[in-house]
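Predicted structure and sequence below. I'll ask about it afterward.
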Amino acid sequence: MSHSEKAAIFNKNEAKVNWHDKALWYVREKRDNAAHGVKGWEYLRDTASKIKGNVLSNLDNYLIEFEANALKNGIKVHWASDAKEHNSIVHKIVKEHNAKKVVKSKSMLTEECHLNPYLESKNIEVVDTDLGEYIVQIAKETPSHIVLPAIHKTKEEVDELFQEHLGTKPSNGNPEYLTNEARKHLRNKFLQADVAITGVNFAIAETGGFVVCTNEGNADMGAHLAPVHIACMGIEKIIPKEEHLGVFLRLLARSATGQPITTYSSHFNKPAKGKELHIVIVDNGRTEQLSREDFRSSLHCIRCGACMNTCPIYRRSGGHSYDATIPGPIGSILSPGKDLTKHSSLPFASTLCGSCSNVCPVKINIHEQLYKWRQLIVKDVKQPVVKKTILKITGKILKNRTSYNLVGKSARFMLKYAPRFMVYSKLNAWGKARELPKVKTQNFDDWYKAKRKNNE
Amino acid sequence: MRVGLFIPCYINQLYPQVAIATLELLEKLNVDVYYPSTQTCCGQPLGNSGYEEDSKGACQLFVENFAAYDYIVGPSGSCIYHVKKHFDIIEQTPDVVKVRNNAFELCEFIVKVLGKTDLGASFPHKVGLHKSCHGLRGLHLGSCSERMDPYYSTEEDLLNNVKGLELMQLNRADECCGFGGTFSVFEEAVSVKMGKDKIQDHLDNGVEVITGADHSCLMHLEGLINRDNKPLKVMHIAEILNSTI
Ligand code: SF4
């Protein structure tokens, strides 16, 4: 199903759309307030963008530097070229330790690689410990947002879900009660876990260490309790030096939720005594995206989710309408790089308003890339015949004033004299909820000819 | 100073009053205005739909029509933005470069080139400004709420000088209205919802007349207003700036 079809279904429940829109707009406003509080915000964005640009131009060197330093620190480093390899590396480590229970925290990469179903198929229990991710996991859904994975669920829906899965009492969607119950339940999972998997927000080439940002402390909790910690990172998560961390930490939480900084920014540099620390460095299509000059800067992304919160289409169509691990504006430029045919409707799920590009803390020109993808999609993916024909003919008409005049005249004639049922037919998506403009007797050309004869 | 008047296709056919107001306004400001009669369209609908290849003919024709003028002025932010931003698909001859550099949206031309903000207009109504995205974030007609830049707005500078006009504040001052060219048709459901929400924002803030520098957005909003019989009027900013009592 295309984005527009899914979005149309989401829009059948207008009250829910309103609620979803307001919830995300609230986060966008918090972000605005937080950004206003930082002097030189635009300068900070600029700096972040330049650091990322440098990283992408020297990615190989930084990765090699990172690996060397990580190894020195006693971290075991693995390389995966795709999702399949990533999953089997993780599985191999888990198996080596005879592990049966895994806790996971904040990793869109493992979502992207579909690690959960893979491990489950090998009889390994995986629990997502981030509250939002846990909610979507028990609902057997995927995250609809990269920072607020369960934003599509109301507290009443979560209440019902918890009653069913955790045996909680009906609480009318009391968030405090529900959070506490989840916490109790997850605490046991942490205590029993054999392996903890986390994502990586920033890996530092200079030190061989990495940072994970969470608000619930669940990355710490998992990594500190389990004997084995596996961190999974995309190759683009690297930053050159520790001193650059300040730039990104200041931008990330403010852009994501309007907080000055995430509650926990956990630094991992080496394994604790008697424990193992692994890092899996994953490509999975990233070098290919890097090779596309027009789309390269999409790899700047630090996954703050701000472009989703600001996107008026995302807010009114829901994250699942994008049918991709990363939804919203950034997902719409990343996904076509992975599967152009499957995701060919995403670059069109935008008015090109440009709000995403302006909100993005690392200055990705998202809306310009959407425009670029559109040109490629029309060339490479089979288009609906009607759409294609209409646009091709339009191109021909606009080349030439005579045909343009003719079409202009007949369109005006149609709008003026055709019976309503014809103009407002099923074929006319414009007229489903909108009136067409009322036609005047004269167009501007006629008026001009009559009133301004001599001036041409 | 010779100015070529660019009237986008849909304004020519459906909203001649907007074109007339634009022309009269420029004439009032003592500008030498010419209307090249073989103009068609900037090609934006094609480009935004992914068919910019097929729009090359329209782009060439645009340049042929306007290369002779010192400035090209049009009452439509998004069309002007398209000329400036996307005409890189044709060969960059000196004519093409000239046209792209000298194309101006009407308000920007009046404020930046002519250096005027008080045009002697009067319009005693409560007005809500629709800051269309291509004008705002594309042509930088004003600061946008995502960026932490000093506040400015070219359109507000003009409207604040209109006698009797009360400019109303909106809750989401620069949220997109959901028009987006062919988006309005291919993503009908979301487009309509965005438009409805935008209209509600104006209604909630006591607006009587919605105005803006891009009539395509206004056409979309007007379509919704008329279908739902909302107590709102839609007028292009040129019509307001050209009005007197
Ligand atoms: S593209 Fe920019 S705004 Fe969107 S998630 Fe990535 S960093 Fe954040």
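That came through, no problem. Keep in mind that what you see is a predicted model, and the values were worked out from it rather than measured.

ok, A:Val381 touching A:His343?
No: using C-beta atoms under 8 Å, A:Val381 is not in contact with A:His343; the gap is 9.6 Å. In short, each C-beta sits where N, CA and C put it, glycine included.

Who has more neighbours out of those two?
More crowded of A:Val381 and A:His343, by other C-beta atoms under 10 Å in any protein chain shown: A:His343, with 25 against 15.

Next secondary structure element downstream of the helix ranked longest in chain A?
Longest helix in chain A by number of residues (criterion: DSSP state H): helix A:14-36. Proceeding N to C from helix A:14-36, the next assigned helix or strand is helix A:41-57, under DSSP states H and E.

What residues sit buried inside that following helix?
Residues of helix A:41-57 classed as buried: A:41, A:44-45, A:47-49, A:51-53, A:55-56 (neighbour count, 16 or more other C-beta atoms under 10 Å in any protein chain shown).

Likewise for stretch B:200-215?
For stretch B:200-215, using 16+ other C-beta under 10 Å, the buried residues are B:201-203, B:207, B:209-215.

now do the same end-to-end measure for that stretch.
Counting by C-alpha to C-alpha, to the nearest Å, you get 19 Å between the two ends of stretch B:200-215.

close to chain A, is that stretch?
No: Stretch B:200-215 stays clear of chain A (C-beta under 8 Å from any C-beta of the partner chain), getting no nearer than 9.7 Å.

Report the secondary structure state of whichever residue of the stretch 151-300 of chain A sits closest to the ligand.
Residue nearest to the ligand within the stretch 151-300 of chain A: A:Ser255 (5.8 Å; C-beta to the nearest ligand atom). Following DSSP: H, G, I helix; E, B strand; the rest coil, A:Ser255 is assigned to helix.

dump the residue contacts of the nearest residue in space to A:Asn69 that is not next to it in sequence.
Closest residue to A:Asn69 apart from its sequence neighbours, by C-beta to C-beta, 6 or more residues apart in numbering or on different chains: A:Gly208 at 2.7 Å. Taking C-beta atoms under 8 Å, 6 or more residues apart in numbering or on different chains, we find A:Gly208 in contact with A:66-73, A:75, A:269.

would you list these in TSV and tack on neighbour count, pLDDT and secondary structure?
Output for the contacts of A:Gly208, formatted as TSV (neighbours: other C-beta atoms under 10 Å in any protein chain shown; pLDDT from 0 to 100; DSSP: H, G, I helix; E, B strand; the rest coil):
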residue	neighbour count	pLDDT	secondary structure
A:Phe66	28	98	helix
A:Glu67	19	98	helix
A:Ala68	13	98	helix
A:Asn69	19	98	helix
A:Ala70	27	98	helix
A:Leu71	13	98	helix
A:Lys72	11	98	helix
A:Asn73	15	97	coil
A:Ile75	23	98	coil
A:Asn269	16	97	coil
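
from those, which single one is nearest B:Asn101?
Sorting the contacts of A:Gly208 by distance to B:Asn101 puts A:Phe66 at the head of the list, at 45.5 Å, by C-beta to C-beta.

Helices of chain B, start to end?
B:9-14, B:16-28, B:44-48, B:56-66, B:77-86, B:94-102, B:106-108, B:133, B:154-159, B:183-186, B:188-204, B:215-227, B:237-241.

Would you mind checking the average pLDDT for the first one?
So the one you mean is helix B:9-14. The pLDDT scores in helix B:9-14 average 89.

go on, the fourth one?
For helix B:56-66, mean pLDDT rounds to 93.

The residue lying closest to B:Asn12 once chain neighbours are set aside: what's it in contact with?
Spatially, and ignoring its direct neighbours in sequence, B:Asn12 is nearest to A:Phe444 (4.5 Å; C-beta to C-beta, 6+ apart). For A:Phe444, the contacting residues are B:7, B:11-13, B:16, B:19-20, by C-beta under 8 Å, 6+ apart.

Phi first, then psi, for A:Phe444.
Per-residue torsions, A:Phe444: phi -60, psi -40 (degrees, to the nearest 10).

how many other residues sit next to A:Ile390?
14.

If you drop the residues flanking it in sequence, what lies closest to whatever residue of chain B ends up closest to the ligand?
Closest approach between chain B and the ligand, counting by C-beta to the nearest ligand atom: B:Glu146, at 9.9 Å. Closest residue to B:Glu146 apart from its sequence neighbours, by C-beta to C-beta, 6+ apart: A:Asn358 at 3.8 Å.

which SS state does that neighbour fall under?
helix.

Tell me if I'm right that it and B:Arg147 touch.
Yes: the pair A:Asn358 / B:Arg147 is scored as a contact, 5.3 Å apart, by C-beta under 8 Å.

thinking again about what came up before, is there a neighbour count for the residue nearest to B:Glu146? I'd like the number.
24.

Kindly report the same for A:Ile261.
12.

Could you do A:Lys379 as well?
A:Lys379 has 11 neighbouring residues, counting by other C-beta under 10 Å.

counting contacts, what elements does the helix or strand containing it pack onto?
In the assignment (DSSP H and E), A:Lys379 maps to helix A:366-380. Applying 3 or more C-beta pairs under 8 Å, 6 or more residues apart in numbering or on different chains; DSSP states H and E, one finds that helix A:366-380 contacts helix A:328-338, helix A:355-359, helix B:44-48.

Any chance of CSV for the ones you listed, columns mean pLDDT and distance to the ligand?
Converted to CSV, the helices and strands packed on helix A:366-380 look like this (pLDDT from 0 to 100; distance: least, C-beta to the nearest ligand atom, whole Å):
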stretch, mean pLDDT, distance to the ligand
helix A:328-338, 97, 4
helix A:355-359, 98, 6
helix B:44-48, 88, 21
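
Just send those helices back as CSV, with distance to A:Arg28 too.
Shown next, in CSV, are the helices and strands packed on helix A:366-380 (distance: least, C-beta to C-beta, whole Å):
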stretch, distance to A:Arg28
helix A:328-338, 12
helix A:355-359, 8
helix B:44-48, 25
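
which regions of chain B lie under the pLDDT threshold?
Scanning chain B for pLDDT under 70 picks out no residues.

what's stretch B:140-158 in contact with?
With C-beta under 8 Å, 6+ apart, stretch B:140-158 has contacts from A:32, A:35-36, A:38, A:41-42, A:310, A:354-355, A:358-359, B:77, B:105, B:107-108, B:110-112, B:117, B:119, B:129, B:131, B:135-137, B:167, B:173-174, B:212-213, B:237, B:241.
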